[in-house]
Every structure is written in C-alpha cells, then in structure tokens.
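# curious how this folds, go ahead:
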Amino acid sequence: MPSKVYILGGYQTDFARNWAREGKGIQAIINEAMEGALNETAVDLGDIEAIHVGNFASELYIMQAHLGAFPLNYDPVLRGIPTARHEAACASGSIAALMARTEIEAGIYDLSLVLGVELMKGVDSQTGGNYLGTAAWYEKECAGIEFPFPKLFDRLYDLYEERYGVEYEHLAEIAVINYENARKNPKAQTRDWYMNKKHACTLGDYNRTIGTRLRASDCSQVTDGAAAILLASHKYAQKYAVKRGLKLERIPFIQGWGHRTAPIRFDEKAEESKGKEYLLPHTRKAITDAFRRAQIHGIEDISCIETHDCFTITEYAAIEHFGLTSPGEGWKAIEEGIIRFDGHCPINPSGGLIGDGHPVGATGTRQLLDACLQAAGKAGDYQVPGAKRVAILNIGGSATTNVVHIVGRDG
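Coordinates of the predicted model:
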C-alpha cells in the first residue's frame, strides 16, 4: 500500500480581482497565495522541502517564463530548495500536485508546496482567446479562429446531440446552479452576479453565442488567481497533528488518483469514441482508475464533486462519466436535482469554473483546496453537510489531459 499523502490546507486568492488594474504582477500574487497558505496551516516555512508550480501560459499573458523560481523570492529561507513549473493547459495545477504527491509517496520529501497561478486579465478578450487556443493543436485547430475553444467544445455538444440528444434547458440549469453556488463562496468571481434560467435561455447582447451553439452563460470566466496547498507525508502529518492538537484521522488525504491523456486533436477523440459507451473514454478511465486506487465502489461512495465546467457541456459529460447516470441520461440528474447544492451528490459547491472562476493554471490546485475544505468541514457557507469524500475532475485542452483526485479523511 502506498503511504498516505495529506493535504494540510491552503489558500485561494480572491478570483474577482484584476491584478493588472491594481498594478501588481506575478510575484505579488504568488506571495499572497504562499503567505495565505502558511497562515492557514501554521506550517513552518523552513519545513518546505520542494515547490511545484502549475501554470499554463505566463509566457503569453505576461511575457514571463521560469515560474518555478519565483516562489523563492518570498523568503531567503527557501533559497536552494528544488522547484519546478508544470504545464498541461487547464490541468497544469493537477499535474503539479501529482508530481508533488509522487515525490512524497516515494519518500523523497515530507512537505511540499503546490502552487497554481494564472494572470489572464491583462490582455483583451480576443487576444486571450487566441492564447487559450494553444491548449489545443493550435496550427491545426485554432489558428485564425476567433474564440476557438468554445467552438471546440461545440463539437462535444454536437457529439452528444448526434448520439443521445441534448436539451439546451439542461445546460442552462447547470449554469444557474453554478452561479447559485458561487454566491455562497466569498472568493468566487461571480459571487455578486445573478443568473436565472430565463436569462441563460435567452439570447441577446448580454448572452450572445460565443461558439456556434454555446453561449456566454455556458462559459467559464476569464480569471486572475492563485491557489496554494501544502502536501505532507504521513510522518510529517503525524507530527503536525500533535503540534496543532488535531486528530490525524480528521486531516484530509489523497485517497486515489487517475491520469490519462487522449489525442490532442478533437477529431481524433471523436473518432476514438465511436462504438464506445462513453464519449470521452479516457476521461472515464481516469475516473475509474481513481475509484480503484481509492478502493471505493464508485460514485455512491462520493459526497460531492468538483468538476471541470469550462463549459456547461463538460459538466454535463462529467455527470455521466462519473456514473451519476448511464451514458445519454445526464439530464435525469439535472431534472431530479441530484447535482444541486442540497442534492444527493452536489456538483461544484464552490461555483466551479463558471461561478468561482478559471485562472487556467490554478484551477486544479483550487479544486484540491476546495476538496480538502469540504472533507475537513471547513468550507463555510458552501459546506456540503456531512461531506467526507470528494471527487475532482480537472481536464486540460479539449479533454486531452484528464486528472482525477479523490480526497477524503478517515474519521
């Protein structure tokens, strides 16, 4: 049995902020995330043995690479420790966490900081949309196309329409639920916004079509943000629990994980899915791998889900791929209220990418933090009552990189 890797806690910046307007850059947001995580956990800075940074495209958005070096500027105490930056499009934060977990599980380090960060608001929407296109095969799928990613996920919408049929009202309901949940989250980008089903179903100046089918209300937000978590070995967590007067069994840990990579071109994904039960078979395999490693039966053992709703259609797919319904029947979970905050298996109690925000490289780390808070009973107004085990799906590109984590506690 692999040794347990614990999540001691962490910190999320306010996703509603625009750091460029504040005249602040990458070092400022990294410093805030690190300081917040250290304050929340009361971990000694000198105990950190390695740092992993998740980031998608800082070379494009802010003309800065080599982000693995920047956390060391927080304090000279950190000078000399190993650091690395990891890029896997929207799954960059999860990949950073996977690498940190692997090192701890292997007995190399006892305490690591995982930091996800992205600054996206310093460019106009068309430029930013073009940059996001590099998460796909840019030359073959995105060059010269305005807002290429909504159009790529329109293809997933088309596949569902062709195979099973999709009612847009169900996608609108997903958006409404995520906006409702975000109003409970004090760090969510849209916490002061309002969306009802009539708004989501109405086309107009405030809800125009972005792709060919998906609308503004179906899209995740353009967000500046960072999230940091501290991962610890069983040995370190034991000492930490004694020092803080905590019960070790109450500290959440990574119970299982899955990581699968699909072909980068969406056309190849569509071709691969022909004749298969699930439209995104690699996503499904990542989920079942995580269930197996967590030694659980399946979705019936999960309290709630934080999933990658870069668009409403990806959450719709997640409903089925997690097993809340059979393929082609995701609409049932929506109509029956299963995914609502007070439902049998709430999805995105944080607000998700649509409500909370989507700073691309930080999303996977933020999801892990929210899973930790839920499992520890510390999520505040968006705490799911009785939550003990949380599933996370974080995808990069058009469901190319698929990372799943199961976070829970023993007691």
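
# low-confidence ranges in the stretch 201-350 of the chain?
Applying pLDDT under 70 to the stretch 201-350 of the chain flags no residue at all.

# how about the helices in it?
Counting by DSSP state H, counting those that start in this stretch, the stretch 201-350 of the chain has helices at residues 234-244, 266-273, 281-294, 312-321, 330-335.

# export the fourth one as PDB, just CAs?
Backbone C-alpha positions of helix 312-321 (Å, rounded to 0.1, in the frame of the first residue of the first chain) are rendered in PDB as follows:
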ATOM      1  CA  THR A 312     -21.700  23.600 -19.300                       C
ATOM      2  CA  ILE A 313     -21.400  20.700 -21.800                       C
ATOM      3  CA  THR A 314     -18.300  19.400 -20.000                       C
ATOM      4  CA  GLU A 315     -20.200  19.300 -16.700                       C
ATOM      5  CA  TYR A 316     -23.000  17.500 -18.500                       C
ATOM      6  CA  ALA A 317     -20.500  14.900 -19.700                       C
ATOM      7  CA  ALA A 318     -19.000  14.600 -16.200                       C
ATOM      8  CA  ILE A 319     -22.400  13.700 -14.700                       C
ATOM      9  CA  GLU A 320     -22.400  10.600 -16.900                       C
ATOM     10  CA  HIS A 321     -18.700   9.800 -16.800                       C
END
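
# same for it, what does it pack against?
Helices and strands touching helix 312-321, by 3 or more CB pairs under 8 Å, 6 or more residues apart in numbering; DSSP states H and E, are helix 148-163, helix 168-182, helix 281-294, helix 330-335, strand 389-396. Any C-beta I mention is one placed from the backbone N, CA and C, and that applies to glycine too.

# what's next to the longest one, contact-wise?
Read that as helix 148-163. 129-130, 132-133, 135-136, 141-142, 145, 166, 210-214, 218-219, 266, 270, 273, 279-280, 310-311, 313-314, 316-317, 328, 398-399 (CB atoms under 8 Å, 6 or more residues apart in numbering).

# select only the buried ones of those residues in ChimeraX?
The buried subset of the contacts of helix 148-163, as determined by 16 or more other CB atoms under 10 Å, is captured in ChimeraX by this line:
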select :129,130,132,133,135,136,141,142,145,166,210,211,213,214,218,219,266,270,273,279,280,310,311,313,314,316,317,398,399
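
# who's in contact with the closest residue to Ala216 other than its chain neighbours?
The shortest distance from Ala216 to any non-neighbouring residue, by CB to CB, 6 or more residues apart in numbering, is to Asn207 (5.1 Å). Residues in contact with Asn207, defined by CB under 8 Å, 6+ apart, are 199-200, 215-217.

# ranking by neighbours, what's the top pick from these?
For the contacts of Asn207, neighbours were counted using other CB atoms under 10 Å, and Ser217 has the most, 25 neighbours in all.

# any idea which helix or strand carries Ile7?
According to DSSP states H and E, Ile7 maps onto strand 5-12.

# now the element after that strand, going C-ward?
Using DSSP H and E, the helix or strand that follows strand 5-12 in sequence is helix 26-41.

# other residues contacting that next one?
8-13, 19, 43, 45, 58, 62, 64, 67, 70-71, 73-74, 113, 115, 117, 119, 224-230.

# quick check: the residue lying closest to Ser326 once chain neighbours are set aside vs Phe149, distance?
Spatially, and ignoring its direct neighbours in sequence, Ser326 is nearest to Glu320 (7.1 Å; CB to CB, 6+ apart). For Glu320, the distance to Phe149 equals 21 Å [CB to CB, to the nearest Å].

# can you check Lys378 too?
In this view, Lys378 and Phe149 are 33 Å apart by CB to CB.

# need the distance between the two termini of stretch 338-358.
Its start and end residues considered, stretch 338-358 measures 24 Å (CA to CA, to the nearest Å).

# and that stretch, which residues are buried?
If you call a residue buried by 16+ other CB under 10 Å, then stretch 338-358 has these buried ones: 338-341, 343, 345-358.

# over to stretch 183-193?
Residues of stretch 183-193 classed as buried: 183-185, 187-191 (neighbour count, 16+ other CB under 10 Å).

# swap in stretch 98-105?
Neighbour-count burial for stretch 98-105, counted by 16+ other CB under 10 Å, picks out 98-101, 103-105.

# got it, and stretch 75-82?
78, 81.

# same question, stretch 40-50
So, applying 16+ other CB under 10 Å, buried residues of stretch 40-50: 40-41, 43, 48-50.

# got the end-to-end distance for that stretch?
Length of stretch 40-50, first residue to last, CA to CA: 19 Å.

# would Val407 count as being in a strand?
Yes: assessed with DSSP: H, G, I helix; E, B strand; the rest coil, Val407 lies in a strand.

# for the nearest residue to Leu152 once chain neighbours are set aside, which residues are in contact?
Nearest non-adjacent residue to Leu152, counting by CB to CB, 6+ apart: Ser398, 4.7 Å away. Neighbour list for Ser398: 135-136, 149, 152-153, 155-156, 264, 266, 269 [criterion: CB under 8 Å, 6+ apart].

# for the stretch 1-150 of the chain, just list every one of the helices.
Using DSSP H, counting those that start in this stretch, helices in the stretch 1-150 of the chain cover 26-41, 58-61, 92-105, 125-132, 148-163.

# dump the ones you listed to a markdown table, plus mean pLDDT.
Formatted as a markdown table, those follow (pLDDT from 0 to 100):
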| stretch | mean pLDDT |
| --- | --- |
| helix 26-41 | 98 |
| helix 58-61 | 98 |
| helix 92-105 | 98 |
| helix 125-132 | 96 |
| helix 148-163 | 95 |
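
# columns distance to His234 on top of these, output as CSV?
Shown next, in CSV, are these (distance: least, CB to CB, whole Å):
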stretch, distance to His234
helix 26-41, 17
helix 58-61, 34
helix 92-105, 9
helix 125-132, 39
helix 148-163, 40
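
# please identify the deepest-packed of those helices.
Mean neighbour count (mean count of other CB atoms under 10 Å) peaks for helix 92-105 among the helices of the stretch 1-150 of the chain, with a mean of 25.

# please save the CA atoms from it in PDB.
This file holds the C-alpha atoms of helix 92-105, laid out as PDB (Å, rounded to 0.1, in the frame of the first residue of the first chain):
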ATOM      1  CA  SER A  92      -1.500  22.300 -15.000                       C
ATOM      2  CA  GLY A  93      -2.400  22.600 -11.300                       C
ATOM      3  CA  SER A  94      -3.400  19.000 -11.000                       C
ATOM      4  CA  ILE A  95      -0.200  17.800 -12.700                       C
ATOM      5  CA  ALA A  96       1.900  19.900 -10.300                       C
ATOM      6  CA  ALA A  97       0.000  18.200  -7.400                       C
ATOM      7  CA  LEU A  98       0.500  14.800  -9.000                       C
ATOM      8  CA  MET A  99       4.300  15.300  -9.200                       C
ATOM      9  CA  ALA A 100       4.500  16.600  -5.600                       C
ATOM     10  CA  ARG A 101       2.400  13.700  -4.400                       C
ATOM     11  CA  THR A 102       4.600  11.200  -6.200                       C
ATOM     12  CA  GLU A 103       7.800  12.600  -4.600                       C
ATOM     13  CA  ILE A 104       6.300  12.400  -1.100                       C
ATOM     14  CA  GLU A 105       4.900   8.900  -1.700                       C
END
